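Enquirer: Whatever this is, show me its structure:
(one chain, ligands or ions: 2)
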Amino acid sequence: MVPRLVPAPSGHLHLFDTAADGVVPVGPSVGEGRPATMYVCGITPYDATHMGHAFTYLTFDEVNRVWRDLGLDVSYVQNVTDVDDPLLERAAATVVDWRDLAESEVSQFATDMQALRIISPDSYVSVSESMPVIEEFLTGLADAGRIYQIEADHEDWYFSFDDSPDFGQESHLDPTSMLAIFAERGGDPDREGKRHPLDALVWRQSRPGEPRWRSRLGTGRPGWHVQCTAIAQHALGATIDVQGGGSDLIFPHHEMCAAQGRAATGAPFARAFVHSAMVGLDGEKMSKSKGNLVKVRDLTAAGVDPLAIRLVLLAHHYRSDWEWTDLLLAQAQHRLAAWRSAAQGVTSADATQAIEGMRAFLRQDLRTDRALTLVDSWAQACELATTDHPGARRQMADAVDALLGVTIA
Ligand code: 5CA
Ligand code: ZN
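Expert: Ligands and ions are numbered 1, 2, ... in the order given. Coordinates of the predicted model:
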């Protein structure tokens, strides 16, 4: 249980919205009487949780925590991309059933998230259990004439880009960059029969050896972007407060979700698109495809306190790319020990101001890095104090637990 701090304060969380290209209030006001809704792009479960994933899910865990601290109810959904090329390719290469691979990675991911004290979303929705929802969504787009079937060996379906006047409103990329990034990130600009190179695959007719589902579009499987659009709208309504993910999803993934979502309902798909920066290792983005990974499970198996890992992640602002190093982990371990020593000591300093300061830093674009320094200062003040301040250690321990997800008492 996460402690609810009293009194429930008023205010707003501000975050950088990629579409607005600025820091804006996100989520409803407390008085509006509706929950804040968030859909975060989940893992493709074919390999271990690395520090990049951990940083992204930590970022949105902090969004969740700040909203709750404001007194809001939060509806938070994350998908599991258990039907997509990288997973199916890995399963084929390692001669395991794709379902078994997905199941074991999902279960390990849950263990890693729990160790990092990331509050579970209300639901994890897998693509394989969402076929009726995706089919329904695509049928709507087909009826509206927004998707078309190509004439080729395999009559796959594509989302028609030409009818999307708002295309580009999320990523603000120019057409040349769009094409380049589209090709890099799973797109097929040169596929014959497409009306526009940027048209996105929404239904792939079955090929030998691939998992398949029967649908009104044929027997096959859904494309990547439409999975998230359909799952998010079904679970959370036409317009969500936040679509979240790492910055590698700004284009084409979230641009396509924005376009398809609007095509389906006429309403904006998300009020804000929020992205966490990339974690690297040795000068390159940490990624399963490159294999330059620091895995959560390897560190915890070696006896590292997962909350020290959490402190490494919190020490970085969600909008700045950074690189994992062992030194960062050593510093975080030191910091955790200092906080625990203060929380469990016999002298203490007043915590009220530090806690209000933490809240202010978190609400203003999630300055977790700065919030940590306030706890550092409080811990130092406790060491220097000659008396005990009634209730301060408990108060700070509850605040650090609720706001930062770290247990120190
Ligand atoms: N299943 C899709 C999203 S629908 C996917 O991108 N899966 S993933 O397993 O590749 O990544 C899971 C999440 O971690 C995504 O939000 C992605 O943006 C984020 N992510 C991946 N690599 C990094 C990294 N090096 N640093 C920060 N975040 C990352
Ligand atoms: Zn997604």
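Enquirer: how near is Ala142 to Arg216?
Expert: From Ala142 across to Arg216, the span is 8 Å (Cβ to Cβ, to the nearest Å). Where you see a C-beta, it was placed from the backbone N, CA and C, and this is true even at glycine.
Enquirer: Between those two, which is the more surrounded one?
Expert: Taking other Cβ atoms under 10 Å, Ala142 and Arg216 do not tie; Ala142 has more neighbours (17 against 10).
Enquirer: Distance-wise, check that one relative to Leu217.
Expert: Taken as Cβ to Cβ, the span from Ala142 to Leu217 is 7 Å.
Enquirer: Glu89 too?
Expert: 23 Å.
Enquirer: And Pro121, by the same measure?
Expert: In this view, Pro121 and Leu217 are 29 Å apart by Cβ to Cβ.
Enquirer: Report the beta-bridge partners for Val23.
Expert: Assessed by DSSP bridges, Val23 has beta-bridge partners Phe16.
Enquirer: Now do Gly291, the pLDDT please.
Expert: At Gly291, the model reports a pLDDT of 84.
Enquirer: For the closest residue to Met113 other than its chain neighbours, give its distance to Pro211.
Expert: Taking Cβ to Cβ, 6 or more residues apart in numbering, and ignoring the residues beside it in sequence, Met113 has Tyr57 as its nearest neighbour in space, at 6.4 Å. Tyr57 sits 26 Å away from Pro211, going by Cβ to Cβ.
Enquirer: just Pro222 next, same as before
Expert: Here the distance between Pro222 and Pro211 works out to 11 Å (Cβ to Cβ).
Enquirer: can you check Asp47 too?
Expert: Counting by Cβ to Cβ, the gap from Asp47 to Pro211 is 19 Å.
Enquirer: Same drill for these two, tell me which one is more crowded.
Expert: More neighbours sit around Asp47 than around the other of Asp47 and Pro211, counting by other Cβ under 10 Å; the figures are 20 against 15.
Enquirer: Val226 contacts Ser215, doesn't it?
Expert: No: contact status for Val226 versus Ser215: not in contact, 11.9 Å apart, counting by Cβ atoms under 8 Å.
Enquirer: These two: which is more packed in?
Expert: Neighbours were tallied for Val226 and for Ser215 using other Cβ under 10 Å; the higher tally belongs to Val226 (25 against 19).
Enquirer: Tell me the pLDDT of the more buried one.
Expert: pLDDT for Val226: 98.
Enquirer: ok, now Pro86?
Expert: Pro86 is assigned a predicted lDDT (pLDDT) of 92.
Enquirer: Is it in a helix, a strand, or coil?
Expert: Under DSSP: H, G, I helix; E, B strand; the rest coil, the three-state class of Pro86 is helix.
Enquirer: Hmm, it is touching Ala92, no?
Expert: No: no contact is recorded between Pro86 and Ala92 when judged using Cβ under 8 Å, the distance being 11.0 Å.
Enquirer: more crowded one of the two?
Expert: Legend: neighbour count by other Cβ under 10 Å for Pro86 and Ala92, higher for Pro86 (16 against 12).
Enquirer: State the distance from Val304 to His14.
Expert: On the measure of Cβ to Cβ, Val304 and His14 end up 33 Å apart.
Enquirer: Just the closest residue of the stretch 1-150 of the chain to ligand 2, please.
Expert: Distance from ligand 2 to each residue of the stretch 1-150 of the chain (Cβ to the ion) is smallest for Cys41, at 3.1 Å.
Enquirer: Check the stretch 201-350 of the chain too.
Expert: Cys228 (3.4 Å).
Enquirer: Where does pLDDT dip in this protein?
Expert: 1-10 (pLDDT under 70).
Enquirer: Tell me where it has helices.
Expert: Secondary structure of the chain, counting by DSSP state H: helices at 51-69, 85-93, 98-115, 131-143, 175-184, 224-236, 255-265, 296-301, 306-314, 326-343, 352-363, 368-384, 392-404.
Enquirer: what does the chain have sitting close to ligand 1?
Expert: Proximity of the chain to ligand 1 is assessed by Cβ under 6 Å from any ligand atom, with 41-44, 52-53, 55-56, 79, 81, 228, 245-246, 248-249, 276, 278-279, 285-287 identified as the residues in range.
Enquirer: residues touching the residue of the stretch 51-200 of the chain found nearest ligand 1, list them.
Expert: Taking Cβ to the nearest ligand atom as the measure, the point where the stretch 51-200 of the chain comes nearest ligand 1 is Gly52, at 2.2 Å. By Cβ atoms under 8 Å, 6 or more residues apart in numbering, the contact list for Gly52 reads 246, 278-279, 285-287.
Enquirer: Pick the one among those residues closest to ligand 1.
Expert: Within these, the smallest distance to ligand 1 is 2.3 Å, found for Gly246 (Cβ to the nearest ligand atom).
Enquirer: Around the residue lying closest to the closest one once chain neighbours are set aside, how many other residues sit close by?
Expert: If the residues on either side of it in the chain are set aside, Gly246 comes closest to Thr56, at 4.7 Å by Cβ to Cβ, 6+ apart. Thr56: 27 surrounding residues under other Cβ under 10 Å.
Enquirer: Look up how far Leu70 lies from Thr56.
Expert: Distance from Thr56 to Leu70, counting by Cβ to Cβ: 22 Å.
Enquirer: ditto for Val133
Expert: 31 Å.
Enquirer: which of those two has more neighbours?
Expert: More neighbours surround Leu70 than the other of Val133 and Leu70, with 21 against 18 (other Cβ under 10 Å).
Enquirer: these two touch, right, that one and Val26?
Expert: No: contact status for Leu70 versus Val26: not in contact, 11.0 Å apart, counting by Cβ under 8 Å.
Enquirer: sorry, back to before: who has more neighbours out of Glu89 and Leu217?
Expert: Leu217 (23 against 12).
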